[in-house]
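A.B. asks: turn this into a model:
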Amino acid sequence: LQDLRKSTTATVRSACDLAEIRLDLLAADDGKIEGMPWSHLAETPLLFTARRMEEGGALSLMPATRMDLLRSTLDQAAWIDVEVASMREMETLLAELAGRRIPWIASYHDFDRLPPTADLEQAAMRAKDAGATVFKAAARLASPADLARLAEFQLADHGLPVSTMGMGPLAPVSRLLCAQCGSVFNYGFLGETATAPGQWDSALLKTAISRLARFPG
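C.D. replies: Sure, this is the predicted structure:
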């Protein structure tokens, strides 16, 4: 919350093209957020996320509570994030996003390992069938072989745009490699605190990606 309050439109826009607001990090135990602590960033495109605890969320919030949190932001949202695992229980929200033409990311996280490629492909297919605009996969990488397999997944055609990134010791290099292979969203952090293992500072990541040549594959 302090990092958000200290951020200005100028510093945010210089560090990233889209700012993610993690509602689960801002909510109290009852799932309520006091005011709109992101209101000073009205000129910045905002992505709103209410992450489920099983995939890195800060609170154990019921799906209905997380859906209410997301629904309350739709007038300010450029994008919404809904986990693949939450799509069925948030069908009414997804229908509302479609009606309002708000793009959404279907996200998939594994903090323990890189799942088999077949599992990632199945998750991407489910995301596409549900109408997601982008499929996002973030997983812990244990070896250079994992890094190569994640890049290969990024390079493949899944029928919708894909965002991929690693977590853990290989996360920094993975975020550059995946960006070079076409990842459409590449996450860093603003302020002092990373929200996933191995994240870059957003301004440094943006500068590094700007110097990459796109992989021709």
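
A.B. asks: can you give me the strands in the protein?
C.D. replies: Along the chain, counting by DSSP state E, strands occupy 19-22, 46-49, 79-83, 104-110, 134-140, 162-167, 188-189, 200-201.

A.B. asks: and A10, which of those strands is closest to it?
C.D. replies: strand 19-22 (12.5 Å; Cβ to Cβ). Just so you know, the C-beta spots here come from the backbone N, C-alpha and C atoms, and that holds for glycine as well.

A.B. asks: pull out the buried residues from the closest one.
C.D. replies: Neighbour counts over strand 19-22 (16 or more other Cβ atoms under 10 Å) mark 19-22 as buried.

A.B. asks: helices along this protein, start to end?
C.D. replies: With DSSP state H as the definition, the chain shows helices at residue ranges 2-6, 9-15, 23-26, 63-71, 91-100, 117-129, 144-155, 171-180, 202-210.

A.B. asks: give the buried residues for the fourth one.
C.D. replies: Right, the one you point to is helix 63-71. 63, 65-71.

A.B. asks: okay, and the beta partners of the residue nearest to G168 when sequence neighbours are not counted?
C.D. replies: What sits nearest to G168 in space, not counting adjacent residues and going by Cβ to Cβ, 6 or more residues apart in numbering, is R140, at 4.5 Å. On the basis of DSSP bridges, R140 is bridged to M167.

A.B. asks: and R140, how many residues sit next to it?
C.D. replies: 20 (other Cβ atoms under 10 Å).

A.B. asks: about what we covered before: need the buried residues of strand 19-22 in JSON lines (columns: pLDDT and distance to E83).
C.D. replies: Shown next, in JSON lines, are those (pLDDT from 0 to 100; distance: Cβ to Cβ, whole Å):
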{"residue": "A19", "pLDDT": "92", "distance to E83": "20"}
{"residue": "E20", "pLDDT": "94", "distance to E83": "14"}
{"residue": "I21", "pLDDT": "92", "distance to E83": "16"}
{"residue": "R22", "pLDDT": "94", "distance to E83": "13"}
